[in-house]
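*Asks:* Predicted model and sequence below, questions to follow.
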Amino acid sequence: PSGVKKKAYSSQENKEGMLRACSQIVAELLACHKRGEVPNLVRIKQDCSRTVGISGMPRLTQIIAAVPKQYESVLIPLLKAKPVRTASGIAVVAVMSKPHRCPHIAVTG
């Protein structure tokens, strides 16, 4: 319907909502761990984001930052991004080293 307007959240409200969602996600992950269940992270993120009323979902880095120190050993392995394989099996890696003077400068000029 064209007459329905969505509430525009300020950036401060969205940040507070993200913090609340992250804390709820961590609490739900801990509850799943205590029950011995394997958590469905995407479902938990969706449910908590919907409950808090934010648009979008928190990033994994935001959730990891909300994990208490005493539970890091339990929850961080669940939240780490898994390595992704490329279609060809060859991954391009760029290594940037500290610039040094060429050792052959005396010979080459």
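*Replies:* Looks like it arrived, so ask away.

*Asks:* Residue 56: what secondary structure?
*Replies:* Three-state assignment for residue 56 (DSSP: H, G, I helix; E, B strand; the rest coil): coil.

*Asks:* from here on, count from 884
*Replies:* Got it, first residue is 884 now, which makes that one residue 939.

*Asks:* Report the spatially closest residue to it, excluding sequence-adjacent ones.
*Replies:* residue 932 (6.9 Å; C-beta to C-beta, 6 or more residues apart in numbering). For glycine as for every other residue, the C-beta is placed from the backbone atoms N, C-alpha and C.

*Asks:* repeat for residue 922
*Replies:* residue 915 (4.0 Å).

*Asks:* Would you mind confirming that the one you found makes contact with residue 921?
*Replies:* Yes - using C-beta atoms under 8 Å, residue 915 makes contact with residue 921 at a distance of 7.4 Å.

*Asks:* of these two, who's got more company?
*Replies:* Legend: neighbour count by other C-beta atoms under 10 Å for residue 915 and residue 921, higher for residue 915 (17 against 8).

*Asks:* where's the more buried one, which helix or strand?
*Replies:* helix 894-918 (DSSP states H and E).

*Asks:* Figure out how far that helix is from the centre of its chain.
*Replies:* Helix 894-918 has its C-alpha centroid displaced from the chain centroid by 12 Å (C-alpha atoms, centre = their mean, to the nearest Å).
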